[in-house]
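K.L.:
model this:
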Amino acid sequence: MKNALYVLLGVLAGLVFAGALVYVSGKSQGEPIVLQPAPTKAPVAVHVVGAVPRPGLYEFAEGARVQDGIDAAGGLLAEANVNAINLAALLEDGQQLVIPYKDGSGVSAVESSTSDAVELPSAATEAPVTGNSTTNSNADLVNINTASLEELIALPGIGPTTAQKIIDYRNANGAFSTIEDITNVSGIGPTTFEELKDLITT
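P.N.:
Numbers count the residues shown, from 1 in each chain. As a prediction, the model looks like this:
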């Protein structure tokens, strides 16, 4: 009877030991390792303008150089000043890469979006030159010494009353020597003269 009891206890002890071994083995394995994909880096966006055939916005992988930007925009024009460019410089996100011309000029971001690498005239060259200049031909200017009432009224800031005052002034004092003399007429101050000076002559 004792032998049977010992055998039974031995079997139970073996089962307990085997269960503990299985439990410990399972715990040691831990969670399975899952390989995560490498994060994808956002591209570098660069606005290429100036002496290139196809100016525009281009995207590059991180580490791209100025030469990569030039290649994407079709290479350099014959008028490009390559000596003024560092071809090895790194491109940065949000950068405007301006390729200069040999004459030292470039194009702005607004100009590059509306041109095919052709430098547009600046607003300064198109705006009227102030003062008694020849930007407007004499045929386009109103001669304040000979203008009729209707012609004077057509000028900005000049109404019928002020136009008549101009005529009365020149009848009483003779011809205006300079366009600035019109400010001697009552009702024509500096602000009105600024509107008139590019439109009148003597």
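
K.L.:
Would you map the helices across the chain?
P.N.:
For the chain, the helices defined by DSSP state H cover 2-29, 66-72, 109-114, 123-126, 149-153, 160-173, 190-196.

K.L.:
how many neighbours does V142 have?
P.N.:
Other residues within reach of V142, judged by other CB atoms under 10 Å, total 17. No exception for glycine: its C-beta is placed from N, CA and C like everyone else's.

K.L.:
show me the contacts for it.
P.N.:
Going by CB atoms under 8 Å, 6 or more residues apart in numbering, V142 touches 151-152, 154-155, 199-201.

K.L.:
Out of the helices and strands in the chain, which is least certain?
P.N.:
Within the chain, no helix or strand scores below helix 109-114, which has a mean of 38 by mean pLDDT, DSSP states H and E.

K.L.:
From what I see, Y101 and N81 are in contact.
P.N.:
Yes: counting by CB atoms under 8 Å, N81 is a contact partner of Y101 at 6.1 Å.

K.L.:
what do the two both touch?
P.N.:
A51.

K.L.:
domains of this protein?
P.N.:
44-124, 138-201 (automatic domain parsing).

K.L.:
now the ones you listed in a markdown table, with distance to P37?
P.N.:
Converted to a markdown table, the domains of the chain look like this (distance: least, CB to CB, whole Å):
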| stretch | distance to P37 |
| --- | --- |
| domain 44-124 | 17 |
| domain 138-201 | 66 |
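
K.L.:
least reliable of these going by mean pLDDT?
P.N.:
Lowest mean pLDDT of the domains of the chain: domain 44-124, a mean of 79.

K.L.:
Can you tell me how far the spatially closest residue to P156 that is not a sequence neighbour is from A51?
P.N.:
In space, and not counting its chain neighbours, P156 is closest to E195: 4.5 Å by CB to CB, 6 or more residues apart in numbering. Plainly put, E195 is 41 Å away from A51 if you go by CB to CB, to the nearest Å.

K.L.:
Many thanks, I have nothing further to ask.
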